[in-house]
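In: sequence first, predicted coordinates after that:
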Amino acid sequence: MSQTELQKQRSTTLKERPQEPRKYNVIVLNDDFTTFEFVITVMMTVFQKTSQQAEEIATTTHFHQKAKVGTYTLDIARSKVAKATEMARAENFPLTFEIEPE
């Protein structure tokens, strides 16, 4: 293989990097039954938010009917939503989430 061919092959190889995984926003939806305190607990437990961040998300959800919780890869977003939903159902709350592309 000539020097030119080797350089061409190397430059092609370097350009073919794996793409970053697509990111998705997790959105919490407001309902008339889930308590403010429970939403804060879920935000802190499942989504690792600080108490201040959790309260801001809960307040935004209450006044605007939904709020962005965070941005994750699809697998992580699905996992967190499943865990949060499971927690809510265990306490008989209808708390729901959406996952949407960023």
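Out: Structure's in. What do you need?

In: for the protein, which segments count as helices?
Out: Counting by DSSP state H, residue ranges of the helices within the chain are 3-15, 36-45, 51-64, 74-90.

In: dump these to TSV, plus mean pLDDT.
Out: Output for these, formatted as TSV (pLDDT from 0 to 100):
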stretch	mean pLDDT
helix 3-15	60
helix 36-45	98
helix 51-64	98
helix 74-90	98
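
In: redo those helices as a markdown table? Include mean neighbour count and distance to Val28.
Out: (Glycine included, C-beta is placed from N, CA and C.) A markdown table is the format used below for the helices of the chain (neighbours: other C-beta atoms under 10 Å; distance: least, C-beta to C-beta, whole Å):
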| stretch | mean neighbour count | distance to Val28 |
| --- | --- | --- |
| helix 3-15 | 9 | 40 |
| helix 36-45 | 18 | 7 |
| helix 51-64 | 15 | 5 |
| helix 74-90 | 15 | 8 |
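
In: as CSV, these with distance to Glu100 would be great.
Out: CSV is the format used below for the helices of the chain (distance: least, C-beta to C-beta, whole Å):
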stretch, distance to Glu100
helix 3-15, 31
helix 36-45, 18
helix 51-64, 15
helix 74-90, 9
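
In: for Asn30, which of the ones you listed is the nearest?
Out: With C-beta to C-beta as the measure, helix 51-64 is the member of these nearest Asn30 (4.9 Å).

In: who's Pro101 bridged to?
Out: When bridges are called by DSSP bridges, Pro101 pairs up with Tyr24.
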